[in-house]
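Chemist: Kindly generate the corresponding structure for this input.
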Amino acid sequence: MRPLSGFFYSFKFKISALVIALLLFAGIGAGGISLLIAEAELRDVIARQELSLLTGAAAFIDNDLHNKRQLLRALGEEINDRGLPLSGIQDLLEAHETLRDSFFNVNAFDLAGNAVANLRDRNGRRVNVAEREYFRDTLRLQEGVISAPFKSSLSGRPVVVITQPLRDANGKLTGIVLGAIDLLRPSFSAQLDALRAGADGYLFIVAGNGATVHHPDKARLLDKGDDAPGTLLDATLHTPEGWQDGLLDDGVPVLLVHKHLREVDWTIALSYPMRSAFASMQQVRLRALLGAAVLTACAGLFGWAITKKLLRPLSRLHRHVEDISAGRAGIAVFDVDRRDEFGHLSRAFYGLSQRRAQAEDELHRLATTDVLTGLNNRRMFDAFLPQALARAARAGQPLALAILDIDHFKDINDTLGHAAGDQVLKEFARRLTTAVRAADTVARLAGDEFVIVFEQLSCDTEMDQLGNRILEVMQAPFALGAAQRVVRTSIGIAIASDGATAEDLMRAADQALYGVKAAGRNGFAIHSAGAGLGARARELG
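Modeler: Numbering: from 1, shown residues only. Prediction:
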């Protein structure tokens, strides 16, 4: 019996050990599979967050390129409407201050490719662009194009040009005007770099031919990278937009997120190191595996139940993401105080969502702020004025609009240079903001044209005091380096009457401004919107 008993106990021990081992392996296997599923879902959520941020940046670039094309199209229509010959375009370019804000340079060419106008330097070196691909494409297609990036023969800087054909009254092509975008100019490159400030990874833009349009390493601009199969550039150019992991960027595994632009054959992409992108998953993986190994030693079923319990925080996190997407909650739901896996993941999502919200706020600020003066820009003003009129109508309070021009501003640019002109614009904006009340809104429309919306006026005659105050703050000479310059302004003011629209106000303020200029400038005039030419005026000699 002893040998049989020994065999039984030995067999029982072996069976028990085998069962325990099977349960352990089954539990670890089930926990491992569940963890892989959880990691896959988490990777998808993180990648979609980054794609959403990249989509906002792509929309910003598309909108900027669209506005630049519209500006050149409007310039071409103005040349056509005025019947200007090619020889008269130079003066028109120099009179358009908005062109300097939007482009590094604007040139005009005849149909032979010879330069006939140069915004930056009317006496600059004349070049012929007949062999440039963008010139031939514009002639062939009879419409404007956006070029591939190239090095400018005039400035030596990396640029992209937008073209616009010119036509005479019969619709016949007479020439081409083009605007150059400097890829090193802060208004283009710095705004994109700011979107990843303080975060790992970087944004870059490549053209359809593989040339680099934007990169944090400015030495790579215009270079064509390695687009061999399996490379980062190959995935950016030849795979559907979205995200892809497992790629190498200079030997570092990265998450690639990319989005194609609408306005031009460019792709904006994010290279995000995998170590940083999925750092929050490391602690989750370790704890889940340890928990599965310990708990599955008792029973596979119990181990599976624990694994499911470990996955509950991820389900809760997923519900939070859905609530935020549906607008039922804000990103603050991610800011929890828990010290478990849910807390770590939730706080990681909170940081990611904060960066996305900050980036969206920054994009909105850039889209509604004048870069030079820091005031509101034309886009913000166009949206704000109808809202202010509606508020004034509901409150039954007067509202007024002032349009201001800097007297003889073109002379300042021509004699002292555009750097001095920029100083005048910034100092003029600063003094203007000190002269108005807290309830008033100041914006720069373009060039030396500014506007003020006056709300919560106590009476119509209050505008005389405000007009005088603006003239008085401009009395002191403007310091331009070591020199000083007397700068004056002409102001046209329109007071809204019942039922006046934004267009009525702009028209009345323009008429008032025209009257001040006709009377010798350096003063203000007040019209009522839709009330003809009756006005009160004040001038300072």
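Chemist: the helices in the stretch 101-250 of the chain, which residues?
Modeler: Across the stretch 101-250 of the chain, reading from the start of the chain, the helices by DSSP state H, counting those that start in this stretch fall at 133-141, 186-194, 232-238.
Chemist: Which neighbouring elements make contact with the first one?
Modeler: Helices and strands in packing contact with helix 133-141 are listed as strand 158-167, strand 173-182; criterion 3 or more Cβ pairs under 8 Å, 6 or more residues apart in numbering; DSSP states H and E. (C-beta placed from N, C-alpha, C; glycine too.)
Chemist: Select from the helices of the stretch 101-250 of the chain the stretch with the lowest mean pLDDT.
Modeler: Set side by side, the helices of the stretch 101-250 of the chain differ in mean pLDDT, and helix 186-194 is lowest with a mean of 67.
Chemist: Please read off the pLDDT at Arg437 from the model.
Modeler: In the predicted model, Arg437 carries a pLDDT score of 91.
Chemist: ok so, going back, format the helices and strands packed on helix 133-141 as JSON lines; extra columns: mean pLDDT, mean neighbour count and distance to Ala59.
Modeler: Compiled in JSON lines, the helices and strands packed on helix 133-141 are given as follows (pLDDT from 0 to 100; neighbours: other Cβ atoms under 10 Å; distance: least, Cβ to Cβ, whole Å):
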{"stretch": "strand 158-167", "mean pLDDT": "93", "mean neighbour count": "22", "distance to Ala59": "18"}
{"stretch": "strand 173-182", "mean pLDDT": "92", "mean neighbour count": "21", "distance to Ala59": "18"}
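Chemist: Please convert those to TSV, extending it with distance to Gln484.
Modeler: What follows is the helices and strands packed on helix 133-141, written out as TSV (distance: least, Cβ to Cβ, whole Å):
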stretch	distance to Gln484
strand 158-167	37
strand 173-182	32
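Chemist: what's the closest of these to Ser87?
Modeler: Between Ser87 and the helices and strands packed on helix 133-141, the tightest spacing by Cβ to Cβ is seen for strand 173-182, at 10.7 Å.
Chemist: Just checking: what are the partner strands of that closest one?
Modeler: Strand 173-182 has the following strand partners under DSSP bridges: strand 105-110 (antiparallel), strand 158-167 (antiparallel).
Chemist: now the ones you listed as TSV including distance to Leu141?
Modeler: Compiled in TSV, the strands paired with strand 173-182 are given as follows (distance: least, Cβ to Cβ, whole Å):
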stretch	distance to Leu141
strand 105-110	16
strand 158-167	9
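Chemist: For Gly76, find the nearest of the ones you listed.
Modeler: strand 158-167 (4.7 Å).
Chemist: now the angle between helix 133-141 and that closest one, please.
Modeler: Orientation note: strand 158-167 sits at an angle of 30 degrees relative to helix 133-141 (axes from the mean of the first three to the mean of the last three Cα atoms, to 10 degrees).
Chemist: How far does strand 158-167 sit from its chain's centre?
Modeler: The gap between where strand 158-167 is centred and where its chain is centred comes out at 22 Å by Cα atoms, centre = their mean, to the nearest Å.
Chemist: what's the answer for stretch 249-265, then?
Modeler: When distances are taken as Cα atoms, centre = their mean, stretch 249-265 is centred 18 Å away from the chain's centroid.
Chemist: quick one: average pLDDT of that stretch?
Modeler: Summarised as a single mean, pLDDT over stretch 249-265 is 89.
Chemist: Just give me the neighbour total for Pro386.
Modeler: Neighbourhood size, Pro386 [other Cβ atoms under 10 Å]: 13.
Chemist: Show the secondary-structure elements that the helix or strand containing Gly515 is packed against.
Modeler: For Gly515, the host element (DSSP states H and E) is helix 502-518. Under the contact criterion of 3+ Cβ pairs under 8 Å, 6+ apart, helix 502-518 touches helix 378-395, strand 400-406, strand 489-495, strand 523-528, strand 535-539.
Chemist: can you list those in JSON lines and add mean pLDDT and distance to Gly88?
Modeler: Listed next are the helices and strands packed on helix 502-518 as JSON lines, based on pLDDT from 0 to 100; distance: least, Cβ to Cβ, whole Å:
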{"stretch": "helix 378-395", "mean pLDDT": "92", "distance to Gly88": "27"}
{"stretch": "strand 400-406", "mean pLDDT": "95", "distance to Gly88": "24"}
{"stretch": "strand 489-495", "mean pLDDT": "95", "distance to Gly88": "27"}
{"stretch": "strand 523-528", "mean pLDDT": "93", "distance to Gly88": "32"}
{"stretch": "strand 535-539", "mean pLDDT": "45", "distance to Gly88": "34"}
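Chemist: Of these, which stretch is the most buried?
Modeler: Of all the helices and strands packed on helix 502-518, strand 489-495 has the most neighbours on average by mean count of other Cβ atoms under 10 Å, namely a mean of 27.
Chemist: who touches that one?
Modeler: For strand 489-495, contacts defined as Cβ atoms under 8 Å, 6 or more residues apart in numbering pick out 398-407, 428, 460, 463, 467, 470-471, 474, 504-517, 521-529.
Chemist: Try it again at 7 Å.
Modeler: 398, 400-407, 460, 463, 467, 470, 474, 505, 508-513, 516-517, 521-529 (Cβ atoms under 7 Å, 6 or more residues apart in numbering).
Chemist: do the same with stretch 134-145
Modeler: Contact partners of stretch 134-145, identified using Cβ under 7 Å, 6+ apart, comprise Arg69, Leu72, Gly113, Val129, Ser147, Val161, Ile162, Thr163, Gln164, Pro165, Leu173, Ile176.
Chemist: And for stretch 402-416?
Modeler: The set of residues that contact stretch 402-416 without belonging to it, under Cβ under 7 Å, 6+ apart, is 420-421, 424, 428, 448-452, 454, 480, 485, 487-493, 509-510, 513, 521-522.
Chemist: Which of the residues you listed are buried, as a ChimeraX select command?
Modeler: In ChimeraX, selecting the buried portion of those, with burial taken from 16 or more other Cβ atoms under 10 Å, looks like this:
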select :420,421,424,428,448,449,450,451,452,454,480,485,487,488,489,490,491,492,493,509,513,521,522
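Chemist: The nearest residue to Leu183 once chain neighbours are set aside: what's it in contact with?
Modeler: Take Leu183 and drop its neighbours on the chain: the residue closest to it by Cβ to Cβ, 6 or more residues apart in numbering is Pro158, 4.4 Å away. For Pro158, the contacting residues are Pro149, Lys151, Leu183, Leu184, Leu221, Leu222, taking Cβ under 7 Å, 6+ apart as the criterion.
Chemist: so Val486 makes contact with Pro477?
Modeler: Yes - taking contact to mean Cβ atoms under 7 Å, the distance of 5.3 Å between Val486 and Pro477 places them in contact.
Chemist: For the stretch 301-450 of the chain, which segments count as helices?
Modeler: 341-368, 378-395, 409-416, 418-435.
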